[in-house]
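K.L.:
Got a predicted structure plus its sequence, pasted below:
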Amino acid sequence: MTDIGVVLLVQAAVSVPWVLPRDPQLEPATPAAYLLTTLTVLPLLWRRRAPVRVLLAVMAAQGLYGVAVDGPGQTLPYTGLVALYSVAAYAPARARRLCGALTLAIVFPSVAFNTGEARELVFSLMVFTAAYGFGRFTDTRQAYTRAVEDRARQLEVTRRIEAEQAAARERARIAREMHDILSHAVSLMIVQAEAGPVAVRTAPERAEAAFDAISETGRDAMVQLRRMLGVLRESEQGPGAPRSPQPALSELPALVERVRASGLAVTHTVTGPERPLPRDTDSAVFRIVQEALTNTVKHAAASEAAVLLAYGESGLTVSVTDDGRGGGTGTGHGLIGIRERAAAHGGSARTGPGPGGRGFRVDVTLPLVPVTSSVEVGS
């Protein structure tokens, strides 16, 4: 539609000599001359698709008009200016340079054939140079606009990929949390349930304690599962929704007591100056200890286990050892989760035989980042 509008506008401009009254001494405005003038305008319909051919067709039609018809002239070479502008704006670099040079070269014989005056020559060179310049400006502006749009699309794709990656990381985190919660709770409940029938026959008071431990473990698992489901519901509300609190080191004594109630003698020791940790790191330490103890209960057939938190100047070492049969193979999902948690917080994890080759040991080292008042813990 734009090209049709340009053609109609140019046609109106070149029709002026046939509309306004003319001096009888000037060239007559005949229908034949008007028809040939219209033929110089029609090629502009294709000025975007074939700018070079349009320019050549306009030049040929104008040359034919000057030679074959003794008709009225134009105040400005409208069709030639639009055609040259189109070449400068839409043609390849080499083609537009050649066409620009050809147009300027034709200006000289055209002026000589018309009036031969220097004023007309200077004016013609100026207007054609301006048309070419405006075409180059249009091309540059369009190229810049395309570059900006491409950049915006690339940023949008990047944001979409980052959002998908963040969602994948969050799904993996939730999967690890669910695994830790269920694995720990179910393992303790199985141990207590298996010991229950024997205790009923031999020590009823121990059977009652076992059932209490089963119910307490189940209730704790339900609380943590509700917490995780709360995280899922909040994440559906948008990225800015607050997240439910994760388990913290303050809950570690209760965890040790629950495991101790299953019959495993667990000690909990802290060395070095304790200090607050970022919330995510705090939660990760809890989950590491939980998974290590779950691994001991499920696989090691151990009677004793020890949990040690050693605070150093720049790091925290978490060690969980047992006297079992070395039940950890190093390839289970739980141990993989421990390594992933450690790596996610810039630390490392080592698993293997305990002291003297007896039992199993999990050692995790995490760097400690100072928690300042200007940064929200766990943000």
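P.N.:
On my side now, so go ahead. Numbering: from 1, shown residues only.
K.L.:
For residue 351, what are phi and psi?
P.N.:
Listed backbone geometry of residue 351 is phi -130, psi 150, with angles given as degrees, to the nearest 10.
K.L.:
Run through the helices of the stretch 51-200 of the chain in chain order.
P.N.:
In order along the chain, the stretch 51-200 of the chain carries the following helices (DSSP state H, counting those that start in this stretch): 51-68, 78-90, 93-114, 118-202.
K.L.:
Remind me what the third one packs against, helices and strands.
P.N.:
Where contact means 3 or more Cβ pairs under 8 Å, 6 or more residues apart in numbering; DSSP states H and E, helix 93-114 is packed against helix 51-68, helix 78-90, helix 118-202. For the C-beta atoms, the positions are set from N, CA and C on the backbone; glycine is no exception.
K.L.:
Repeat that for the first one.
P.N.:
Counting by 3+ Cβ pairs under 8 Å, 6+ apart, the packing neighbours recorded for helix 51-68 are helix 31-41, helix 78-90, helix 93-114.
K.L.:
most tightly surrounded among the ones you listed?
P.N.:
The densest packing among those, expressed as mean neighbour count by mean count of other Cβ atoms under 10 Å, is seen in helix 78-90 with a mean of 25.
K.L.:
Show the low-confidence segments of this structure, by residue range.
P.N.:
Residues of the chain that meet the criterion pLDDT under 70 lie in 22-23, 25-27, 70-71, 170, 195, 198-200, 206-207, 227-246, 326-333, 369-379.
K.L.:
ok, so what distance separates the residue nearest to the spatial centre of it from residue 147?
P.N.:
Against the mean C-alpha coordinate of the chain, by Cα atoms, centre = their mean, the closest residue is residue 159 at 1.9 Å. In this structure, residue 159 lies at 19 Å from residue 147, with Cβ to Cβ, to the nearest Å as the measure.
K.L.:
rewinding a little: so which of the helices and strands packed on helix 51-68 is nearest residue 21?
P.N.:
Distances from residue 21 to each of the helices and strands packed on helix 51-68 were compared by Cβ to Cβ, and the smallest falls on helix 31-41, at 15.6 Å.
K.L.:
and the angle from that closest one to helix 78-90?
P.N.:
With axes from the mean of the first three to the mean of the last three Cα atoms, to 10 degrees as the basis, helix 31-41 and helix 78-90 are set at 10 degrees to each other.
K.L.:
so residue 78 sits right up against residue 13, yeah?
P.N.:
Yes: counting by Cβ atoms under 8 Å, residue 13 is a contact partner of residue 78 at 5.0 Å.
K.L.:
circling back: and the helices of the stretch 51-200 of the chain, which is most packed in?
P.N.:
Comparing these by mean neighbour count (mean count of other Cβ under 10 Å), helix 78-90 ranks first with a mean of 25.
K.L.:
quick one, helices of the stretch 251-379 of the chain?
P.N.:
Taking DSSP H, counting those that start in this stretch as the criterion, the stretch 251-379 of the chain contains helices spanning 252-261, 279-295, 333-344.
K.L.:
Pick the most buried one from the ones you listed.
P.N.:
For the helices of the stretch 251-379 of the chain, average neighbour numbers computed from mean count of other Cβ under 10 Å are highest in helix 279-295, which has a mean of 23.
K.L.:
Could you list every helix and strand in contact with it?
P.N.:
If contacts are counted by 3+ Cβ pairs under 8 Å, 6+ apart, helix 279-295 sits against helix 118-202, helix 252-261, strand 304-311, strand 315-322, helix 333-344, strand 360-367.
K.L.:
now the third one against strand 360-367, angle please.
P.N.:
This points to strand 304-311. Comparing the axes of strand 304-311 and strand 360-367 via the same axes, to 10 degrees yields an angle of 10 degrees.
K.L.:
Determine the angle, from 0 to 180 degrees, between strand 304-311 and helix 252-261.
P.N.:
Using the same axes, to 10 degrees, one finds that strand 304-311 and helix 252-261 are set 170 degrees apart in direction.
K.L.:
ok so, going back, can the helices and strands packed on helix 51-68 go into TSV with extra columns for distance to residue 196?
P.N.:
Converted to TSV, those look like this (distance: least, Cβ to Cβ, whole Å):
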stretch	distance to residue 196
helix 31-41	100
helix 78-90	86
helix 93-114	87
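K.L.:
where does residue 183 sit relative to residue 204, distance-wise?
P.N.:
Residue 183 sits 30 Å away from residue 204, going by Cβ to Cβ.
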